[in-house]
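**Q** Below: sequence and its predicted model.
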Amino acid sequence: QVQLQESGPGLVKPSQTLSLFCTISGGSITTNDYYWSWIRQPPGKGLEWMGAIGNSGNTYYSPSLKSRTSISRDTSKNQFTLQLSSVTPEDTAVYYCVRALRLVPTKDSGSWGPGTQVTVSS
């Protein structure tokens with residue numbers, strides 16, 4: 001059974017770039033048909049899909065975040081990465097990595113990591 005684990009800094013200063021890593025076990029990031037997404041949930045708000053990388057390495061981004069977001073992968077580490085630039089306190093959220101057959105997964109679809117809290121504050 002695939003498992004995903006997010007990692008990265010819990011605190012980031014405004015204007016910096018946030019980097020988060022998702023390490024995959026029990027499955028391969030190159031497996032056909034799956035999308036590997038980053039989704040976040042700000043406090044008191046709903047889930048927001050940020051973007052994804054496909055099994056072939058193609059990337060897809062939310063239009064509202066595209067200018068600040070980059071998703072990449074390292075197949076040798078079976079890992080994919082989120083970079084979010086120019087962060088502000090509004091980027092404070094729990095960040096999840098997700099494997100799903102859908103480009104934009106719902107909470108009841110796919111395999112989710114436990115999530116990691118990121119706070120943007122000086």
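**A** Nice, thanks for sending it over.
**Q** Surely Ser122 and Pro14 touch.
**A** Yes: under the criterion of Cβ atoms under 8 Å, Ser122 makes contact with Pro14 at 5.8 Å. Glycine gets a C-beta too; all of them are placed from N, C-alpha and C.
**Q** These two: who's more crowded?
**A** Taking Ser122 and Pro14 together and counting by other Cβ atoms under 10 Å, Pro14 has the greater number of neighbours (13 against 9).
**Q** and that one, what does it touch?
**A** Residues in contact with Pro14 (Cβ atoms under 8 Å, 6 or more residues apart in numbering) are Val87, Thr88, Pro89, Val120, Ser121, Ser122.
**Q** Could you pull up the contacting residues of Gln83?
**A** Contact criterion Cβ under 8 Å, 6+ apart gives Thr17, Leu18, Ser19, Thr69, Ser70, Ile71, Ser72 as the residues in contact with Gln83.
**Q** Just the buried subset of those, written out for ChimeraX, thanks.
**A** Filtering those down to the buried ones (16 or more other Cβ atoms under 10 Å) takes a single ChimeraX command:
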select :18,69,71
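**Q** Who are the contact partners of Phe80?
**A** By Cβ under 8 Å, 6+ apart, the contact list for Phe80 reads Phe21, Cys22, Ile24, Ile29, Trp36, Ile53, Ile71, Ser72, Arg73, Asp74, Cys97.
**Q** Spell out the secondary structure type for the fourth one.
**A** The reference is to Ile29. Look at Ile29: counting by DSSP: H, G, I helix; E, B strand; the rest coil, its state is coil.
**Q** same thing with the third one?
**A** Applying three-state DSSP to Ile24 yields a three-state assignment of strand.
**Q** one step back: and the contacts of Phe80 as a markdown table, adding secondary structure and pLDDT?
**A** Formatted as a markdown table, the entries for the contacts of Phe80 read as follows, by DSSP: H, G, I helix; E, B strand; the rest coil; pLDDT from 0 to 100:
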| residue | secondary structure | pLDDT |
| --- | --- | --- |
| Phe21 | strand | 98 |
| Cys22 | strand | 98 |
| Ile24 | strand | 97 |
| Ile29 | coil | 92 |
| Trp36 | strand | 97 |
| Ile53 | strand | 97 |
| Ile71 | strand | 98 |
| Ser72 | strand | 97 |
| Arg73 | strand | 97 |
| Asp74 | strand | 95 |
| Cys97 | strand | 98 |
